[in-house]
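> sequence first, predicted model second:
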Amino acid sequence: MKLTIWVLPVVILASMIPLVSAEELEIFTNSDVYSDGQPLLVYGKALSNENLILRLFAPDGTITKFDQVIVDSDGSFNHILLTWPTSSTKFPYGTYTVEAISTTQNGLSRTVDIKFTSSSELVRVPVERHVSTLVFAPEVAAVDKPFRVFVQVSSDGLLVGGNPNELLSTSHVHPPSGEPLSLSQSFQTLHEGLYFIDYTPLQTGTYVFHMVAFSKGTVAHGSAATSVLSQDISGVAEQVVKLNAILDETSGELDRLKTEIEGFGTTLESANKNIDSSVSTISSSVTNIADASGQLNSLFFPIVASIGIIVALQIAIFARRR
């Protein structure tokens, strides 16, 4: 019984030893820099006879090559993953990542970065990534009106995809108050590598959007500023349009008034002519009346004289009778 008590821990410890040393995975490439037509040889060590997954990631993070290899009984492996083709949109120049994933060691993986260049001579250069962040924001906006800010993230000239809220997790905005506000969990994807946020400013002033992209250990910063006014350009433009409409209407009224004034002048001229004509007519009538009056007097005076003579004769006759 005592023998069994002492042996069991030894058996347990012995069974644990290989578990501790079981995780083994190393990966290497035959060069750090490649050019067109050269083979990419991947080799290393892993567990005996296990199945490994080899993947090649392009500068933008997409998988351009995928293979599986079986490790030799001695734990070594070597595999030509590809022969570099002529540079194209699928295989552009830049920094690539080779990854080996174990299928038996709880997903254990190892990576190594390599460079694909146009030079036919293999010059030893540092393998590094060039991540770029560009920010596009409107120059002018208005209070309480949302506007859209776009962010482009690229690596070696290729757009970098992924979850924007992880890729741009430390991005923030500096409002006029000076206290930075986090923009995490606010990004949406327009296209792989192109992201945007809709932001609504609450006060006037200058807002600085500071976008920080983190991709495969490399950080890139980008910023843009927006001047927020009480009213945006569209509102001013709308008022200008209304003012132009009012000015057009006023101009039309002035044109109509000018036309009416011209007609009134014509009417006055016609009335003046009519008055002149009427005055001439009246003058002619007065002349005619004067002529008629003279003719009447020439007829009336002989008649009156005749009547006077007759009356005088009658008086003389009455006087004789008496």
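Ah, there it is. Numbers count the residues shown, from 1 in each chain.
> quick one: buried residues of stretch 62-77?
Buried positions in stretch 62-77, judged by neighbour count with 16 or more other Cβ atoms under 10 Å: 64, 69, 71, 75, 77. (C-beta placed from N, C-alpha, C; glycine too.)
> what's the answer for stretch 204-222, then?
207-215, 220, 222.
> straight-line length of that stretch, end to end?
Length of stretch 204-222, first residue to last, Cα to Cα, to the nearest Å: 23 Å.
> so who does residue 161 touch?
Listed by Cβ atoms under 8 Å, 6 or more residues apart in numbering, the contact partners of residue 161 are 60-62, 192-193.
> for these, work out which two are farthest apart.
62 and 193 (10.5 Å; Cβ to Cβ).
> which residues sit against stretch 185-201?
By Cβ under 8 Å, 6+ apart, stretch 185-201 touches 60, 141-154, 158-161, 164-165, 167-168, 171, 173, 175, 183, 207, 209, 226, 228.
> over to stretch 152-159?
58-61, 92-95, 129-134, 136, 160, 167-168, 191-195, 213, 215-216, 218, 220.
> one step back: filter the contacts of residue 161 down to just the buried residues.
The neighbour-count test (16+ other Cβ under 10 Å) marks 60-61, 193 as buried among those.
> would JSON lines of the residues you listed with secondary structure be doable?
Below are those laid out as JSON lines (DSSP: H, G, I helix; E, B strand; the rest coil):
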{"residue": "60", "secondary structure": "coil"}
{"residue": "61", "secondary structure": "coil"}
{"residue": "193", "secondary structure": "coil"}
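> tell me how this structure divides into domains.
If you go by automatic domain parsing, the domain ranges for the chain are 22-116, 131-231.
> helices - which of the contacts of stretch 185-201 land there?
164-165, 167 (DSSP state H).
> break down the stretch 201-322 of the chain into its helices, ranges please.
Under the criterion DSSP state H, counting those that start in this stretch, the stretch 201-322 of the chain contains helices at 233-321.
> where are the low-confidence patches of the stretch 51-200 of the chain?
120-128 (pLDDT under 70).
> ok, which stretches of it are strands?
51-57, 63-70, 76-83, 94-102, 109-116, 131-136, 140-142, 147-155, 158-159, 172-174, 181-182, 188-191, 194-199 (DSSP state E, counting those that start in this stretch).
> okay if I get these as JSON lines plus distance to residue 241?
Shown next, in JSON lines, are those (distance: least, Cβ to Cβ, whole Å):
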{"stretch": "strand 51-57", "distance to residue 241": "53"}
{"stretch": "strand 63-70", "distance to residue 241": "53"}
{"stretch": "strand 76-83", "distance to residue 241": "61"}
{"stretch": "strand 94-102", "distance to residue 241": "50"}
{"stretch": "strand 109-116", "distance to residue 241": "55"}
{"stretch": "strand 131-136", "distance to residue 241": "27"}
{"stretch": "strand 140-142", "distance to residue 241": "17"}
{"stretch": "strand 147-155", "distance to residue 241": "21"}
{"stretch": "strand 158-159", "distance to residue 241": "39"}
{"stretch": "strand 172-174", "distance to residue 241": "32"}
{"stretch": "strand 181-182", "distance to residue 241": "35"}
{"stretch": "strand 188-191", "distance to residue 241": "31"}
{"stretch": "strand 194-199", "distance to residue 241": "26"}
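> for residue 304, which of the ones you listed is the nearest?
Closest among the strands of the stretch 51-200 of the chain, using Cβ to Cβ: strand 140-142, at 104.5 Å.
> got the buried residues for the closest one?
141-142.
> over to stretch 154-168?
154-156, 158-162, 164-165, 167-168.
> ok, now stretch 33-52?
For stretch 33-52, by 16+ other Cβ under 10 Å, it's 33-36, 38, 40, 42-47, 50, 52.
> got it, and stretch 105-113?
105, 108, 110, 112-113.
> how about these, which pair is most distant?
105 and 113 (22.1 Å).
> picking that back up, quick one: closest of the strands of the stretch 51-200 of the chain to residue 245.
Here strand 140-142 is closest among those (Cβ to Cβ), at 22.2 Å.
> which other helices and strands contact that closest one?
Packing contacts for strand 140-142, counted by 3 or more Cβ pairs under 8 Å, 6 or more residues apart in numbering; DSSP states H and E, involve strand 218-229, helix 233-321.
> repeat that for 6 Å
Applying 3 or more Cβ pairs under 6 Å, 6 or more residues apart in numbering; DSSP states H and E, one finds that strand 140-142 contacts strand 218-229.
> the strand it packs on vs strand 194-199, what angle?
Angle between the axes of strand 218-229 and strand 194-199 is 40 degrees (criterion: axes from the mean of the first three to the mean of the last three Cα atoms, to 10 degrees).
> so what strands line up beside strand 218-229?
strand 140-142 (parallel), strand 205-215 (antiparallel) (DSSP bridges).
> got a list of contacts for that strand?
129, 131-135, 137-138, 140-143, 201, 204-213 (Cβ atoms under 6 Å, 6 or more residues apart in numbering).
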